[in-house]
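Undergrad: return a 3D structure for these sequence lines:
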Amino acid sequence: MEVEEMGKFWSRVAQNKPNGPRAPEFANFTKPMGGTALNTRSSPRFDVFGNDFGWGRPTTVRSGGTNKFNDKVTVYEGPTGARSMSLEVCLTSAALVTDEEFMDVVTMP
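TA: Numbers count the residues shown, from 1 in each chain. Model (predicted):
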């Protein structure tokens, strides 16, 4: 199919598509705010574990790739309902390697 048939917008989208897998990158929201930020948003009212698309009940919930950045913590209602929670914590590998307590747990003796 020719670019002329698809239009200019399509050609721009095709040019900007990533070519294969790449390393994930985190957005930096704290830099413009002087190094510290607290951002609260979304709604706890979504029944994320109640969705069943024919594959069975979800075992975990995660945010999409565009919603990941360093030091981000996402809290979802847990799989057992009220009084439980699931956490998604986004940290760079550099931050994890410098955490001695974390490295003690994940490093083989």
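Undergrad: so for Val75, what pLDDT did the model give?
TA: Predicted confidence (pLDDT) for Val75: 81.
Undergrad: could you verify my assumption that it touches Ser63?
TA: No - applying CB atoms under 8 Å as the test, Val75 and Ser63 come out as separate, 10.9 Å apart. From N, CA and C alone the C-beta is placed, and that goes for glycine too.
Undergrad: tell me the helix or strand right after the longest strand along the chain.
TA: Counting by DSSP state E, the longest strand found in the chain is strand 81-90. Once the chain leaves strand 81-90, the next helix or strand it forms, by DSSP states H and E, is helix 93-97.
Undergrad: what average pLDDT does the helix or strand following that next one get?
TA: Downstream of helix 93-97, the first helix or strand assigned by DSSP H and E is helix 100-106. Helix 100-106 shows a mean pLDDT of 89.
Undergrad: before I go, just wanted to say thanks for your time.
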